[in-house]
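Q: Have a look at this fold, sequence not included:
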């Protein structure tokens, strides 16, 4: 595909990333965390995903350390 040709989005993906505080600290005193990545609908709003993270927290023994959303797009065509 030459430079300047029109690009198309082949696939778009949205993921909710929740970092959990396990309640454990390592030798240096830093918290030990665990990370979960969940594929979600591309139409999900930030507020819905934020609320989802806190609903999931109620199902675990961990507390939320961080919440982020990752959006990615595969572009093409690639020759």
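A: Ah, there it is. Model, not experiment: these values are computed from the prediction.

Q: longest strand in the protein, by residue count?
A: For the chain, the longest strand by residue count, based on DSSP state E, is strand 8-25.

Q: Quick one: distance of the helix or strand following that one to the chain centre.
A: Next along the chain after strand 8-25, taking DSSP states H and E as the criterion, comes strand 31-40. On the basis of CA atoms, centre = their mean, to the nearest Å, strand 31-40 sits 8 Å off its chain's mean C-alpha point.

Q: just checking, next helix/strand downstream of strand 31-40?
A: Heading C-terminal from strand 31-40 (DSSP H and E), you reach helix 46-57.

Q: now that next one: mean pLDDT?
A: Model confidence over helix 46-57, given as mean pLDDT, is 98.

Q: got the angle for that helix vs strand 8-25?
A: Angle, helix 46-57 to strand 8-25, by axes from the mean of the first three to the mean of the last three CA atoms, to 10 degrees: 40 degrees.

Q: buried residues in helix 46-57?
A: Neighbour counts using 16 or more other CB atoms under 10 Å place 49, 52, 53, 56 of helix 46-57 among the buried residues. In short, each C-beta sits where N, CA and C put it, glycine included.

Q: Pull the most distant pair out of the residues you listed.
A: Greatest spacing in the buried residues of helix 46-57, by CB to CB: 49 and 56 (10.5 Å).

Q: Contacts for the longest strand of the chain next, please.
A: 31-42, 44, 49, 52-53, 56, 60-77 (CB atoms under 8 Å, 6 or more residues apart in numbering).

Q: Mark which of those are buried, thanks.
A: Applying 16+ other CB under 10 Å to the contacts of strand 8-25 flags 49, 52, 53, 56, 62, 67 as buried.

Q: Pairing partners for residue 64 in the sheet, please.
A: Counting by DSSP bridges, residue 64 forms beta bridges with residue 20.
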